[in-house]
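>>> Fold the stuff below for me.
(one chain, ligands or ions: 1)
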Amino acid sequence: MEANPPPSHTITVHWRQEGRVIRHQVPEGAYILRSFEEQGDPLPFSCRNGCCTACAVRVLSGSIDQHEALGLSRELRSRGYGLLCVARAIGPLELETQDEDEVYELQFGRHFGRGRVRPGLPLEEE
Ligand code: FES
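Numbering: from 1, shown residues only. Got it, this is the predicted structure:
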């Protein structure tokens, strides 16, 4: 006897950089980025491991399983950001893409551009 296929969910992405709204059915538990690629819509990415923020999105409605998103702080997750490369479909979802620098700046910006790096010494605040 053949097992029933998993249910699929409607995932809508507002692809801001391209000025397009794209929508696909993604099987429950499947990676959204990969599923969109397989259906002809390759969204922005870089590392594909949840570590770089190139695939950052903001959740407009619904929720995603992104327990593998190591590169996104808990605070940004709670503010509705997600990393699409490691996000799995768990229900209907509407997202919008973000500029890579937007999420990068929110997460890391405050840690860079301060002080001098001197060999063997801690970072010097200016
Ligand atoms: S592609 Fe790097 S975090 Fe998703």
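>>> Run a quick neighbour tally on residue 5.
8 (other Cβ atoms under 10 Å). C-betas here are computed from N, CA, C, even on glycine.
>>> pLDDT at it, what is it?
As predicted, residue 5 sits at a pLDDT of 83.
>>> what's the answer for residue 46, then?
Residue 46 is assigned a predicted lDDT (pLDDT) of 91.
>>> before we move on, what about residue 125?
56.
>>> What residues does this protein have near the ligand?
45-48, 50-55, 71, 83, 85 (Cβ under 6 Å from any ligand atom).
>>> ok, now which ones touch residue 104?
Counting by Cβ atoms under 8 Å, 6 or more residues apart in numbering, residue 104 makes contact with residue 53.
>>> Surely it is in a strand?
No. Going by DSSP: H, G, I helix; E, B strand; the rest coil, the assignment for residue 104 is helix, not a strand.
>>> For the residues of the chain next to the ligand, which single residue is the most surrounded?
residue 83 (29 neighbours).
>>> Surely that one and residue 67 touch.
No. Using Cβ atoms under 8 Å as the test, residue 83 is too far from residue 67 to be in contact (11.0 Å).
>>> Tally up the residues packed near residue 84, please.
27.
>>> try residue 11
Neighbour tally, residue 11, other Cβ under 10 Å: 24.
>>> where do the helices sit along the protein?
With helices called from DSSP state H, the chain shows them at 32-38, 74-78, 100-108.
>>> So which of those is the most surrounded?
Of all the helices of the chain, helix 32-38 has the most neighbours on average by mean count of other Cβ atoms under 10 Å, namely a mean of 19.
>>> For that helix, report the contacting residues that lie outside it.
By Cβ under 8 Å, 6+ apart, helix 32-38 touches 11, 13, 22, 24, 26-27, 42-43, 45, 48, 55, 64, 84-85, 87-89, 93.
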